[in-house]
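Asker: What shape does this take:
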Amino acid sequence: MGNMTALISDVFVFIFIPWILWRVLRRSIPVAILPILVGIVLAVTHFPVARLGIPSLYGDYIGWLAVLVLAFTAGLEMWQHPENTAGAEPLPPSSISRVLGAALVALGLPFIVGTMLVKQFFLPLHGWHAPHGNGWIGAMSVGLCIAVSALPVLIGLVRELEPAHKPVGQIALKLAVVDDAALWIGLAILQFVARGSDALHGWSGLEFLAVALLVGLALSSSWATRNLRNPPLWVIWIAVPVFLAAGSWASKQLGLHELIGAYFAGALMPPRWVRRLPVEKVGTFSLIWLAPMFFGHSGLHIDGDALTWPSVFASILLVVISIATKLLAVWAYPPAPGLTHRQALSIGSLLQCKGLMEIVAATILHAQGMISEFAFASLMVLAVISTTLTGPMFRMITWRRKQTAR
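Answerer: Numbering: from 1, shown residues only. You can find the predicted model right below:
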């Protein structure tokens, strides 16, 4: 089968069908989840999609480029802030140190508890031991996926909240920005630790060039922020692919995943420049019309034999651990000292959303051999369940708060 015909089949299965389901379900499920579900179903049923040329060569390339753009826009979105809306319910004031502390607790507690439980109870199970790295590396890799919050998905959710709930969503976004950055830093550290002494052994000129390039991006961004505050728009558009390509190439040369470099390249862009870019439109287009082939292929690459009832049960346990620890963390140390328990829990319900970031993180860790096939399958199911539950959980908590207020 020709490459173009295979691409058309790829588009139909992983873009068109999920889009129809998304519209039929009235957008109640995030669009990125549906192609994963399609891929998982095809993998579990062993449907002969190879006869259709799926996954296609061009589909792989297009989906991969789209996810690079999504990682880059996730970094750019660190500088995006939802606008205040009239009618919003005011919340108690908070300080930067309090927000940072709450973000670290919201990430640290699920990570520590998840890592310990995975090391003690999950890794001894058949098929859970990672191909590369010791048991602690595998446990921390799964723990990081349990702890992550989905910044891109949360930005979309906050935009759709009722005016009265916007302040709660904005606080959740502030925590998610910190947690999102910590995720990518954690992924980089785990990959360096997994490689051990080989991480720095045998460095050539390319690795030093990669470090110099990253430093150069940071310095040039700092200079542009101070001295080139409002350049012509075409200058900003030229800088976008330069930052994206440089960051991705540098991280790959350092033995890290290209998505890590793409994310930090976006975060390094001058904030005033970013606010002049259609970040939301580019991210939405990539998410709906291009990236589903990457997500669908990720679901399709799951070992269908690994997604057994025990692994599904393990996924449900991971969901319980993820939700319980995230809610407990925000309840125990809320980002503002005057928040009610229900306000804190509503923030926690938003932060437990895994979304794209956990899917991408699990894909990176699986590709590096730091988690097993069984762990990868369970984490994909965790992402699907967690993201699907976010809206209903938030509505349930806020509805009960309304009932109490009445």
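Asker: Go through stretch 289-301 and flag the buried ones.
Answerer: By 16 or more other C-beta atoms under 10 Å, the buried positions in stretch 289-301 come out as 290-301. Yep, even glycine has a C-beta here, placed from its N, CA and C like the rest.
Asker: Need the mean per-residue confidence for stretch 149-168.
Answerer: Regarding stretch 149-168, the rounded mean pLDDT is 74.
Asker: try stretch 365-379
Answerer: Stretch 365-379 comes out at a mean pLDDT of 89.
Asker: sorry, back to before: closest one of the buried residues of stretch 289-301 to residue 4?
Answerer: In terms of C-beta to C-beta, no member of the buried residues of stretch 289-301 lies closer to residue 4 than residue 293, at 14.3 Å.
Asker: residues contacting the closest one?
Answerer: 10-11, 14-15, 35, 55, 59-60, 62-63, 66 (C-beta atoms under 8 Å, 6 or more residues apart in numbering).
Asker: Return, as residue ranges, the portions of the stretch 101-250 of the chain with sub-threshold pLDDT.
Answerer: When residues are selected by pLDDT under 70, those of the stretch 101-250 of the chain lie in 133, 152, 155-156, 159-160, 196-203.
Asker: all helices of it, in order?
Answerer: Secondary structure of the stretch 101-250 of the chain (DSSP state H, counting those that start in this stretch): helices located at 135-147, 151-159, 166-195, 205-227, 233-253.
Asker: of those helices, which approaches residue 70 most closely?
Answerer: Nearest to residue 70, of those and by C-beta to C-beta, is helix 151-159 at 6.8 Å.
Asker: returning to what we had before: in strands, which of the contacts of residue 293 appear?
Answerer: Taking DSSP state E, every one of the contacts of residue 293 sits outside strands.
Asker: Is it possible to mark the buried ones in those residues?
Answerer: 10-11, 14-15, 35, 55, 59, 62-63, 66.
Asker: Reformat those as TSV; add pLDDT and distance to residue 44.
Answerer: Listed next are these as TSV, based on pLDDT from 0 to 100; distance: C-beta to C-beta, whole Å:
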residue	pLDDT	distance to residue 44
10	94	19
11	95	22
14	94	16
15	95	21
35	89	15
55	92	16
59	93	21
62	94	25
63	91	21
66	90	25
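Asker: So which residue is dead centre in this protein?
Answerer: The centroid of the chain falls nearest to residue 357 when counting by C-alpha atoms, centre = their mean (0.9 Å).
Asker: wait, it sits on residue 147?
Answerer: No - counting by C-beta atoms under 8 Å, residue 357 does not reach residue 147; the two are 10.6 Å apart.
Asker: anything in contact with each of those two?
Answerer: With C-beta under 8 Å, 6+ apart, residue 357 and residue 147 have common neighbours residue 183.
Asker: what residues are up against residue 310?
Answerer: Residue 310 neighbours (C-beta under 8 Å, 6+ apart): residue 125.
Asker: Name the SS class of it, please.
Answerer: For residue 310, the secondary-structure state derived from DSSP: H, G, I helix; E, B strand; the rest coil is helix.
Asker: Just the pLDDT for it.
Answerer: pLDDT, residue 310: 79.
Asker: before we move on, back to that, against residue 346, how distant is the residue nearest to the centre of the chain?
Answerer: 20 Å (C-beta to C-beta, to the nearest Å).
Asker: name the element residue 261 belongs to?
Answerer: Using DSSP states H and E, residue 261 sits in helix 258-268.
Asker: As PDB, could you dump the C-alpha coordinates of the next helix or strand after that helix?
Answerer: Using DSSP H and E, the helix or strand that follows helix 258-268 towards the C-terminus is helix 271-274. What follows is helix 271-274, C-alpha atoms only, in PDB (Å, rounded to 0.1, in the frame of the first residue of the first chain):
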ATOM      1  CA  PRO A 271       7.100  36.700  27.500                       C
ATOM      2  CA  ARG A 272       6.100  39.900  25.600                       C
ATOM      3  CA  TRP A 273       6.800  38.100  22.300                       C
ATOM      4  CA  VAL A 274       4.700  35.100  23.300                       C
END
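Asker: other SSEs contacting the next helix or strand after helix 271-274?
Answerer: Next along the chain after helix 271-274, taking DSSP H and E as the criterion, comes helix 279-289. Other elements packing on helix 279-289 under the criterion 3 or more C-beta pairs under 8 Å, 6 or more residues apart in numbering; DSSP states H and E are helix 57-76, helix 151-159.
Asker: could you dump those helices to CSV with distance to residue 219?
Answerer: Formatted as CSV, those follow (distance: least, C-beta to C-beta, whole Å):
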stretch, distance to residue 219
helix 57-76, 17
helix 151-159, 26
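Asker: Which of those sits closest to residue 226?
Answerer: That would be helix 57-76 among these, by C-beta to C-beta, at 19.5 Å.
Asker: between the closest one and helix 279-289, what angle do the directions make?
Answerer: 150 degrees (axes from the mean of the first three to the mean of the last three C-alpha atoms, to 10 degrees).
Asker: Mind listing what's buried along helix 57-76?
Answerer: Neighbour-count burial for helix 57-76 [16+ other C-beta under 10 Å]: 58-59, 62-64, 66-76.
Asker: Can you tell me which of these lies closest to residue 342?
Answerer: Among the buried residues of helix 57-76, and counting by C-beta to C-beta, the member closest to residue 342 is residue 74, at 29.2 Å.
Asker: The closest one against residue 266, yeah?
Answerer: Yes - using C-beta under 8 Å, residue 74 is in contact with residue 266, at 6.6 Å.
Asker: Quickly note the distance from residue 329 to residue 344.
Answerer: Residue 329 is 10 Å from residue 344, by C-beta to C-beta.
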